[in-house]
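Participant: Okay, here's the prediction I keep looking at, along with the sequence it came from:
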Amino acid sequence: MTGARLAIDGLHKVYGHGPEAVTAIDEVSLEVATGELLCVVGPSGCGKTTLLRCVAGLLAPTSGATRLDGEVVVAPPPGMALVFQDYSRSLLPWMTVHANVVLPLQAGRLPRAERDRVAAEALAAVGLADQGHRHPWQLSAGMQQRVAIARALAYRPDVLLLDEPFASVDAQARADLQDLLLEVWERHGLTVLFVTHDIDEAVYLGDRVVVLTASPTRVKEVVDIDLPRPRDQIETHARPGFAALRNRIFASVRTEAAHRRPAP
Amino acid sequence: MGAVGPLVGLGLVMVAFEVAPRVGILPGSSFPTTSEVAVALADLVGTSDLWGALGDTVTSWLWAMVLASAVAVPLGLAMGSSRLVATVVRPTVEFLRPVPSVALVPVLVLVYGTEPSLTVALGAVAAAFPLLFQAMYGVADVDPVALDMGRAYGLGRFGRAWRITLPSCAPYLATGVRIAASVALILVVTGEYAVGVAGLGREVFVAQSGGDYDEAYAWVVVTGLLGMAVNLAFGALERRYLWWHASQRQPVAGGW
Amino acid sequence: MSPRLPRLAPRVGRAALGLVLPVALVGLWWWTSSNSTTYLFPPLSEVVESLRDDWLGDRLGSDVGPSLRRFGIGFGLAAVVGIGAGTVIGLTPWLRRASLPVVELVRSIPAPLLFPIALVLFGIGDGSKVALIVLGAVWPVLLNTIDGVRGVDPQVLDVARSFRLDARTRIGRVVLPAASPMIAAGLRIGLSVALLLTVVSEMRGGTNGLGFRIRADQRSFDTASSYAGVIVIGLVGLAVNLVFVAVERRVMRWHRGARGLLDLDGGVGTAAGART
């Protein structure tokens, strides 16, 4: 239990009451070690996003808890940043890119010049140093998601949560964003929880991959990804180990999707 | 649980207006208390005056709505379908739109005196604009893909208009009718009040002029209730046409 | 169409078409009224004369000016009260449930009926007129602000919460901007109501103003002058609207930009810098 940055313990979430109650999450227990990149996959509608919102402190679980460095998460804690799937709704269109990235720093007590510097650094780290004056909707999908990542980075979190962040982005940009995430993860020593429906992506990025069952959700299995780092889009994908892991996880998810478990 | 809040709010306001005139925050001579107004209202309900005035106002309002619809809806539909019509008519409409119809009252008085035609005209002019614009937006917003599909299935111009365009316009027209109904009523009552045309507005004026404030505010309450009823009724109608349209416009929250 | 003037011709053509109807109507008016003897339908030439000599002359300062002043103050107050109260009510569910029935009732009462209240509370003079304007113009602003604040995208609120923004930042930089399209719509409606009530309040009493002057003209059977006055109201309304639209275009540019991108593929945008 030591060394776990993020500990999800018996998380259980039910929507509604009585006969119409829907169990989104039956029971999930996970640990994410400090500095680990953990990926979560599962069939569609298995409550991946619900799980992430509970972990982030945006949604109160029905029972069970998430602990960040031992402290129970009841509201969004400092030190945890979230990258949402739909950048068009999570980036604020009335602000410039720079203003969007600076926004999380309003909570702190840094002077204005310092905040601007941190934001500029974050934008540079994602390769958008000269885009600060533009508005999010003037940028491409890939660039907008970079802005979302920059915003999360500017917040200087210890833990980064990502909810299918590259799902709405074209394949080329997605590959670039994956590598960007890896780079940022290593450079800042972040602990990352990455939810995705793309199994190739999960295997490419992760130290371990958690496979969730269909709703009501439980942890089906946890697969160690023993591929060497640093990962590379061409080399890593070419390794036979990659295909083996990918197929194993794919089969696991597919069984889940086919045999939807009845409610307990 | 849901009903408590509104009742508490209403109750507080009623208590406030009971106390304020007695205590002197509001001058008691011109401000009746809630109970006094309630008594006056109760008295009114039994009389034929109430229903007569209500009938007069509602009749004028109905005529205003019919007149406005007959003129504005076809024009709006035409403007939405034909760029030529829109280009010719729109600047004129945009110029006339900000003119408050009340400004015409002094002139209308000379023409109509205190006949209901005055308030009908006022209401119709005011109601025409929302109807016109909503009809126009409705036609303009028809999905071109749906129209193409209609053409591919062999629907003629009339068929497309009837089966695709018109249903697509329905939510917009429903919104337009709601706004127009509300606006027309306000103008009709204002006209009755300002000029003395028969109806709720005139009753308010007469009671106020006679210093009979209890009765005056009872009439005011009746007016407010009528307005609320119209708003609720047409709001419900609008929602009926809008429920599928609005949900189409809401982005679907992703999978949680 | 000459290929050398691809852009100019359609625009000029459109402007010309737009003028056809007004020119035709004015011409019709002139022609039918030129030999008229009834005071109800004075010759258009007299109306124009009155417009030129009186309304755009002395009366600009003595009547139009004061009306604009009252209108400005009244609308300004209505905006401040409407947005302020609307934000508080919109963010507090129990307050909203409690106040909505009362609000719906009072706003259904045509404001002129409540003028005597304003007179009693604020006396004869500008105070009661401004009060009447506020009494009528505040409702669309208030209701639209409430709806706008309530209708903020939940994901935007999640962003604010996940980054632990304080209340001031959350409301000032996230909630209100997100609600601003609806608030702008409410302000636009409030604008017309405010103008209407300015004129009405002046018709009831007072010593100057658009409404007062038109009423006075009507009483002295100077219908040409009162028609001209109505035209002036129309011009004022048009001018105020144009100013509002210009300001709105500037301030709400981001809204068009964001929606332009979204409309492009009916969902999530992908093109860089795409413009519709």
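Facilitator: Now that the structure is in, tell me what you want to look at. Numbers count the residues shown, from 1 in each chain, chains lettered A, B, ... in the order given.
Participant: By proximity to chain B, which residue of the stretch 151-264 of chain A wins?
Facilitator: Proximity of the stretch 151-264 of chain A to chain B (C-beta to the nearest C-beta) peaks at residue A:164, 7.7 Å away. (Glycine included, C-beta is placed from N, CA and C.)
Participant: neighbours of the nearest residue to that residue once chain neighbours are set aside, just the number please.
Facilitator: Computed as C-beta to C-beta, 6 or more residues apart in numbering or on different chains, the closest residue to residue A:164 that is not its neighbour in sequence is residue A:85, at 4.5 Å. By the other C-beta atoms under 10 Å in any protein chain shown criterion, the neighbourhood of residue A:85 contains 24 residues.
Participant: same thing with residue B:9?
Facilitator: Other residues close to residue B:9 by other C-beta under 10 Å number 20.
Participant: Touching, it and residue C:101? I think so.
Facilitator: Yes. Using C-beta atoms under 8 Å, residue B:9 is in contact with residue C:101, at 6.3 Å.
Participant: tally of neighbours for residue 198?
Facilitator: Went with chain A since none was named. Other residues close to residue A:198 by other C-beta under 10 Å number 16.
Participant: ah, I was thinking of chain B
Facilitator: Quick note: residue B:198 (other C-beta under 10 Å) scores 19 neighbours.
Participant: From residue A:197, how far off is the residue of the stretch 151-264 of chain A closest to chain B?
Facilitator: To residue A:197, residue A:164 is 6 Å away according to C-beta to C-beta, to the nearest Å.
Participant: Check residue A:51 too.
Facilitator: Taking C-beta to C-beta, one finds residue A:51 at 13 Å from residue A:197.
Participant: Which elements pack onto the helix or strand bottoming out on mean pLDDT in chain A?
Facilitator: When each helix and strand of chain A is scored by mean pLDDT, DSSP states H and E, helix A:87-90 comes last, with a mean of 88. Applying 3 or more C-beta pairs under 8 Å, 6 or more residues apart in numbering or on different chains; DSSP states H and E, one finds that helix A:87-90 contacts helix A:141-154, helix C:154-162, helix C:253-265.
Participant: if we go to 6 Å?
Facilitator: helix A:141-154, helix C:154-162 (3 or more C-beta pairs under 6 Å, 6 or more residues apart in numbering or on different chains; DSSP states H and E).
Participant: So for that helix, what gets flagged as buried?
Facilitator: For helix A:87-90, the neighbour count (16 or more other C-beta atoms under 10 Å in any protein chain shown) marks A:87, A:88, A:89, A:90 as buried.
Participant: just stretch A:20-31 next, same as before
Facilitator: Neighbour-count burial for stretch A:20-31 [16+ other C-beta under 10 Å]: A:23, A:24, A:25, A:26, A:27, A:28, A:30, A:31.
Participant: does the last one sit in a helix, a strand or a coil?
Facilitator: Same thing as residue A:31. strand (DSSP: H, G, I helix; E, B strand; the rest coil).
Participant: ok, it - contacts?
Facilitator: A:4, A:7 (C-beta atoms under 6 Å, 6 or more residues apart in numbering or on different chains).
Participant: Find me the pLDDT at it, would you?
Facilitator: Here the pLDDT value assigned to residue A:31 is 92.
Participant: count of neighbours near the residue nearest to residue B:93 when sequence neighbours are not counted?
Facilitator: Spatial nearest neighbour of residue B:93, chain neighbours left out: residue B:132 (6.7 Å); criterion: C-beta to C-beta, 6+ apart. Using other C-beta under 10 Å, residue B:132 has 27 neighbouring residues.
Participant: my guess is residue B:132 meets residue B:74, correct?
Facilitator: No. Here residue B:132 does not reach residue B:74: they are 9.5 Å apart, not a contact under C-beta atoms under 6 Å.
Participant: mind listing what's buried in stretch C:25-41?
Facilitator: C:33, C:41.
Participant: Also stretch C:165-184?
Facilitator: C:165, C:169-171, C:173-184.
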